[in-house]
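[1] Next come a sequence and a model predicted from it.
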Amino acid sequence: MRNFLRWLIRAVINLVARVEVTGYENLPTEGNFVIATNHLGIIDAPMAYYALDRWDLFIPVAEKWEEIPVFRFLGRYFNFIFVDRFNPDIKALRKIIRLMDEGNNLIIAPEGTRSRVGSMIEGRPGVSYLATRLNQPIVPVALIGTEDKALFSNLKRLRRTPMMVKAGEPFTLPPLPRENRDQILQEYTDQIMCRIAAMMPERYWGVYKNHPRLKELVNAA
C-alpha cells in the first residue's frame, strides 16, 4: 500500500507541478535528523514523500485533520502524529521522542500552520524546544512556489506550477540553558527560520526580512 500511495502522490504532484529538488547531499547519512521547513500550502506535507524515497519519516499534523477519515487512513501509512496546537501535548511529545529513538526522522514546520500571506510568518518556539530536547542535527528545507494561491490559479488555467525543494546544510542548536529560556528559545527559532529564508527569494522572507541573522546568512553565501 505504501508504494502505491507514494506512486499516487508523485503522479498527482507531477500532474499539477514541475518540481526541482536540490540538496540531497546535505542529508546526514548516519543517525537521526530533523527537517525544518517553511509552510506555504496544502501540497507541502506530501512533498516530503515526493522528494525523499524513504519511509523513516514522520510529520506532526494539526489535530483538526484527525477528524477527517481520509487523513486518519493516510496517517497510518505516513506516520502522521496528530498534535494539539494550542495546549501542551505530552502524549504527542512522548511519541515523537519514541519514534526518533527508533531511528525515524522528524519533519516539522516551525510556523505551525500554512502562511496565508504567501511569505514566512513567525515561527513558534515549541519547535526549538523539541529540537534541543531531541539533540539531533537540523536540516533546513526551503519550499518555494508551493503557496495555495499560485497552485490553484495555475490549475484553473491548466498550467503546472514551478516549485522547488532546497535542502541546506545541517546545523545543531546548543543545549537549552536553565536561565532566560524563553529568550533563548526565540533566538533558536529565529536561527531556524532565517536559515530557511536564506535559501529563498526575498519575496518569501516575510516577517524575517529585516532580521540581522538573515542578513548575515545572505551576505555569507
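    Done, it's in. Numbering: from 1, shown residues only.

[2] in the lowest-mean-pLDDT helix or strand in the chain, what's buried?
    Least confident element among the helices and strands of the chain, by mean pLDDT, DSSP states H and E: helix 69-78 (a mean of 78). Neighbour counts over helix 69-78 (16 or more other C-beta atoms under 10 Å) mark 71, 74, 75, 78 as buried. Glycine gets a C-beta too; all of them are placed from N, C-alpha and C.

[3] ok, of those residues, which one's closest to residue 166?
    Nearest to residue 166 out of those is residue 78 (C-beta to C-beta; 22.0 Å).

[4] was I right about that closest one contacting residue 49?
    Yes. Contact criterion C-beta atoms under 8 Å: residue 78 and residue 49 qualify, at 6.5 Å.

[5] which neighbours do the two share?
    Listed contacts common to residue 78 and residue 49 are 5, 57; contacts here mean C-beta atoms under 8 Å, 6 or more residues apart in numbering.

[6] can you put the buried residues of helix 69-78 in JSON lines and add distance to residue 64?
    Formatted as JSON lines, the buried residues of helix 69-78 follow (distance: C-beta to C-beta, whole Å):
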{"residue": "71", "distance to residue 64": "9"}
{"residue": "74", "distance to residue 64": "15"}
{"residue": "75", "distance to residue 64": "13"}
{"residue": "78", "distance to residue 64": "17"}
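
[7] Find the residue at the geometric middle of the chain.
    The centre of the chain sits closest to residue 37, judged by C-alpha atoms, centre = their mean, with a distance of 3.0 Å.

[8] Quick check: pLDDT value at it.
    Per-residue pLDDT puts residue 37 at 96.

[9] The closest residue to residue 118 other than its chain neighbours - how many residues pack around it?
    Leaving out its chain neighbours, the residue that sits closest to residue 118 by C-beta to C-beta, 6 or more residues apart in numbering is residue 147, at 4.8 Å. For residue 147, the number of neighbouring residues by other C-beta atoms under 10 Å comes to 25.

[10] Tell me which residues touch residue 147, please.
    With the criterion set at C-beta under 8 Å, 6+ apart, residue 147 makes contact with 40, 41, 115, 118.

[11] and if we set it to 6 Å?
    40, 41, 118 (C-beta atoms under 6 Å, 6 or more residues apart in numbering).

[12] which of those residues tops the neighbour count?
    Among the contacts of residue 147, the one with the most neighbours (other C-beta under 10 Å) is residue 40, at 28 neighbours.

[13] My guess is that one contacts residue 146. True?
    Yes. Using C-beta atoms under 6 Å, residue 40 is in contact with residue 146, at 4.6 Å.

[14] Any stretches of the protein with poor pLDDT?
    Counting by pLDDT under 70, the ranges of the chain that qualify are 85-89.

[15] all helices in it, in order from the N-terminus.
    2-16, 44-51, 69-78, 90-101, 125-134, 148-156, 181-197, 212-220 (DSSP state H).

[16] out of those, nearest to residue 59?
    It is, among the helices of the chain and with distance given as C-beta to C-beta, helix 44-51, at 5.9 Å.

[17] Show me which of the buried residues of helix 69-78 is closest to residue 22.
    For the buried residues of helix 69-78, the closest approach to residue 22 (C-beta to C-beta) belongs to residue 78, at 23.2 Å.

[18] and residue 159, how far is that from residue 129?
    Separation of residue 159 from residue 129 (C-beta to C-beta, to the nearest Å): 41 Å.
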